[in-house]
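*Asks:* Using only what follows, build the 3D model:
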Amino acid sequence: MKAFRSTGIVGVLLLLTWLGVRFFEPAVEQPFVDSMEPALFRFEKQEVVRIEIQRPEETIVLLETDEGWLLEESGFEASRSMVNRVKHQLHDLNARATVLEQPEEPALYGLGAQAIQVRVVMREGGVIEFLAGDPNPSSVSYYIQPLPGERIYTVKKSAVDFYSFTLDEFRERRFASFDAQDVDSIEAELPGKKRVKLIRVSEHLWELVEPVNMRASRDKARSLMGRISGLKAREFTQEIAEGSGSELAIYDLEPPRAKISLSFGSREPLVLRVGRPVSDDPEEELAYMQLEGEGTIYTARQGLLEEYGQDAESYRLKRFMRMEGSDVVALQVSLKAESEDQPSGEVTLRKGVSSWEWVDGQPVPGSTPERVATRVAGVRAQDVVSEEPGDLSLYGLDAPIGRTTLATSDGTQRTLLVGGQGEPWLDAEEHSHERFYAKVEDEAPVYLVDRGALSVMQDAVREYSRKSERDEDKAVRREAIDRALEEAGQ
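*Replies:* Coordinates of the predicted model:
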């Protein structure tokens, strides 16, 4: 017991000694006044209307206008991503730490004569202003000094490191933006005197009129438009005054090597001129480009010419129902039996609040309705049999074995007809696959499709047949029970 008492006394003495040392030892000077994260700026992003970046060699001003954000002096479109970056990084910026309250030599932190001064003006007149300095020794934070004031903080690198970027980085690199829904036609004059022209017939239907006339894929038209709207300038090569044809000729822009024109319903056409490749390397991916009516010469990827120059067959409409399965809210299937062991009949399905329903309102179990809507709406032509077929009996489409009508919430209805079997398709291993003639009711072209659409029609009719049998069986048993109750009551 004495041994244990001695050990306890020694422990208490050691604890008291440690507390004494901690209490009386002198405080070590810390490198930061405050290691908390004080809030520096707070504002709503949509309130920003002007961004001024004053650097020793130049001042960059980004200004919101009715036409969007512009670089004030030049009138060039300002980079949307850069404007959003300023807003996002500053709107709720916290300091990582406070470095100094009253610095004697702010130049040591890059906050002297070489500092970048940033001024952000709000819609209602409010302003935030600060100096952006150098990175700290670890290069993961930057020094910043809000104005007015002398206190220096560190903030995350991503909040201020981009203010030293070149002027071109503040200019919008997507130079051919437009609303694809507003495009009425696409016309291209390509190398080798090849021409392509598509026109919009309706919201979902396009037609190729050059080099041949046929219905065109909406997806293809959208892809072609996307190749233009997605162009990004790798470099802003030169600014040329109007009428400087000889300077344009240097880049093969007058006359151009290729020209792509888009017409719109609500604005002037957009005409893209494509000049020579940037170098003689046959693998060169960049070419000089210019928008007609503008003075800037850009370098951008010239791969779009390959897609525009594909053979006419690549333009052909393959998803000929021109619907999306997710938009379908009702469908009706009518099926004739291909053979004795195949189902036949009719079924109507409607999309309820939480699930698909049979015509009597009972929910449909499983995924069959979704599969019917997706497969039929997205059915793809493997081959086009005829644009103007004439006698439909040649294809079994005068009395089709399968007929499915899809309806969307906006009132659109289209009916897929599936007729007789056509020439089978042989895969790479010489395996034969059935194909059927198909068409959209009230539209002329006849296509060859695989069995997919017909298979889901059969699944729907088969499931409805099973449901009908179950309902009939329930009705018979209910009638038997009612009759037994009556007899028992007598």
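
*Asks:* Give the buried residues for stretch 201-216.
*Replies:* Residues 205-209, 215-216 are the ones in stretch 201-216 that count as buried (16 or more other C-beta atoms under 10 Å). In short, each C-beta sits where N, CA and C put it, glycine included.

*Asks:* where does residue 320 land in three-state SS?
*Replies:* What DSSP: H, G, I helix; E, B strand; the rest coil gives for residue 320 is coil.

*Asks:* between the buried residues of stretch 201-216, which is closest to residue 110?
*Replies:* Closest to residue 110 out of these is residue 206 (56.1 Å), distances taken as C-beta to C-beta.

*Asks:* that older thread, in terms of distance to residue 156, which of the buried residues of stretch 201-216 ranks first?
*Replies:* Nearest to residue 156 among those: residue 206, at 47.9 Å, using C-beta to C-beta.

*Asks:* mind listing what the closest one touches?
*Replies:* By C-beta atoms under 8 Å, 6 or more residues apart in numbering, residue 206 lies in contact with 198-200, 215-218, 220-221, 317.

*Asks:* Of the residues you listed, just say which sits nearest to residue 41.
*Replies:* For the contacts of residue 206, the closest approach to residue 41 (C-beta to C-beta) belongs to residue 221, at 45.2 Å.

*Asks:* give me every residue that touches the closest one.
*Replies:* 186, 198, 200, 206.

*Asks:* about what we covered before: want to try JSON lines for the contacts of residue 206, with distance to residue 299, pLDDT and secondary structure as columns?
*Replies:* Output for those, formatted as JSON lines (distance: C-beta to C-beta, whole Å; pLDDT from 0 to 100; DSSP: H, G, I helix; E, B strand; the rest coil):
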{"residue": "198", "distance to residue 299": "27", "pLDDT": "97", "secondary structure": "strand"}
{"residue": "199", "distance to residue 299": "31", "pLDDT": "97", "secondary structure": "strand"}
{"residue": "200", "distance to residue 299": "31", "pLDDT": "95", "secondary structure": "strand"}
{"residue": "215", "distance to residue 299": "36", "pLDDT": "86", "secondary structure": "strand"}
{"residue": "216", "distance to residue 299": "31", "pLDDT": "91", "secondary structure": "strand"}
{"residue": "217", "distance to residue 299": "30", "pLDDT": "89", "secondary structure": "coil"}
{"residue": "218", "distance to residue 299": "31", "pLDDT": "88", "secondary structure": "helix"}
{"residue": "220", "distance to residue 299": "27", "pLDDT": "93", "secondary structure": "helix"}
{"residue": "221", "distance to residue 299": "27", "pLDDT": "94", "secondary structure": "helix"}
{"residue": "317", "distance to residue 299": "35", "pLDDT": "86", "secondary structure": "coil"}
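
*Asks:* Who does the nearest residue to residue 198 once chain neighbours are set aside form a beta bridge with?
*Replies:* In this structure, residue 198 finds its nearest non-sequential neighbour in residue 186, 4.7 Å apart by C-beta to C-beta, 6 or more residues apart in numbering. Per DSSP bridges, the residues bridged to residue 186 are residue 198, residue 262.

*Asks:* List the neighbouring strands of the helix or strand containing residue 414 plus their orientation.
*Replies:* Of the helices and strands defined by DSSP states H and E, residue 414 is found in strand 413-421. Using DSSP bridges, the strands paired with strand 413-421 in its sheet are strand 402-408 (antiparallel), strand 436-440 (antiparallel).

*Asks:* Let me see the mean pLDDT of the helix or strand following that strand.
*Replies:* Sequence order places strand 425-426 as the next helix or strand after strand 413-421, per DSSP H and E. For strand 425-426, mean pLDDT is 85.

*Asks:* on that earlier part again, got the contact list for the residue nearest to residue 198?
*Replies:* Residue 186 makes contacts with 196-198, 221, 224-225, 260-262, as judged by C-beta under 8 Å, 6+ apart.

*Asks:* The stretch 1-150 of the chain: strands as residue ranges?
*Replies:* For the stretch 1-150 of the chain, the strands defined by DSSP state E, counting those that start in this stretch cover 48-54, 59-65, 68-71, 97-100, 116-122, 127-135, 141-147.

*Asks:* Quick one: list the elements packing against the fifth one.
*Replies:* Pointing back at strand 116-122 there. Contacts defined by 3 or more C-beta pairs under 8 Å, 6 or more residues apart in numbering; DSSP states H and E place strand 116-122 against strand 48-54, strand 127-135.

*Asks:* How far off centre is the first one?
*Replies:* The gap between where strand 48-54 is centred and where its chain is centred comes out at 29 Å by C-alpha atoms, centre = their mean, to the nearest Å.

*Asks:* in its sheet, what does it sit against?
*Replies:* Sheet pairing for strand 48-54, using DSSP bridges, gives strand 59-65 (antiparallel), strand 116-122 (antiparallel).

*Asks:* Buried ones in that strand, by neighbour count?
*Replies:* Neighbour counts over strand 48-54 (16+ other C-beta under 10 Å) mark 48-53 as buried.

*Asks:* I'd like the strands paired with strand 48-54 laid out as JSON lines, including mean pLDDT.
*Replies:* Rendered in JSON lines, the data for the strands paired with strand 48-54 read as follows (pLDDT from 0 to 100):
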{"stretch": "strand 59-65", "mean pLDDT": "96"}
{"stretch": "strand 116-122", "mean pLDDT": "97"}
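
*Asks:* What strand or helix carries residue 485?
*Replies:* helix 452-489.

*Asks:* by how many degrees do that helix and strand 413-421 diverge?
*Replies:* Orientation check (axes from the mean of the first three to the mean of the last three C-alpha atoms, to 10 degrees): helix 452-489 against strand 413-421 gives 100 degrees.

*Asks:* Just list what helix 452-489 packs against, helices and strands only.
*Replies:* Counting contacts by 3+ C-beta pairs under 8 Å, 6+ apart, helix 452-489 packs against strand 328-335, strand 345-351, helix 368-377, strand 402-408, strand 413-421.

*Asks:* got the buried residues for it?
*Replies:* Buried-residue list, helix 452-489, by 16+ other C-beta under 10 Å: 452-454, 456-464, 467.

*Asks:* For burial, what's the neighbour tally of residue 375?
*Replies:* Neighbourhood size, residue 375 [other C-beta atoms under 10 Å]: 19.

*Asks:* was I right about it contacting residue 459?
*Replies:* No: with contact defined as C-beta atoms under 8 Å, residue 375 and residue 459 do not form a contacting pair (9.7 Å).

*Asks:* What are the contacting residues of the strand holding residue 414?
*Replies:* The list of residues contacting strand 413-421 from outside it, by C-beta under 8 Å, 6+ apart, reads 321-323, 376, 379, 392, 395-397, 400-407, 434-442, 449, 453-454, 457.

*Asks:* ok so, going back, with pLDDT as added columns, please give the buried residues of strand 48-54 in TSV.
*Replies:* Below are the buried residues of strand 48-54 laid out as TSV (pLDDT from 0 to 100):
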residue	pLDDT
48	96
49	96
50	97
51	97
52	97
53	97
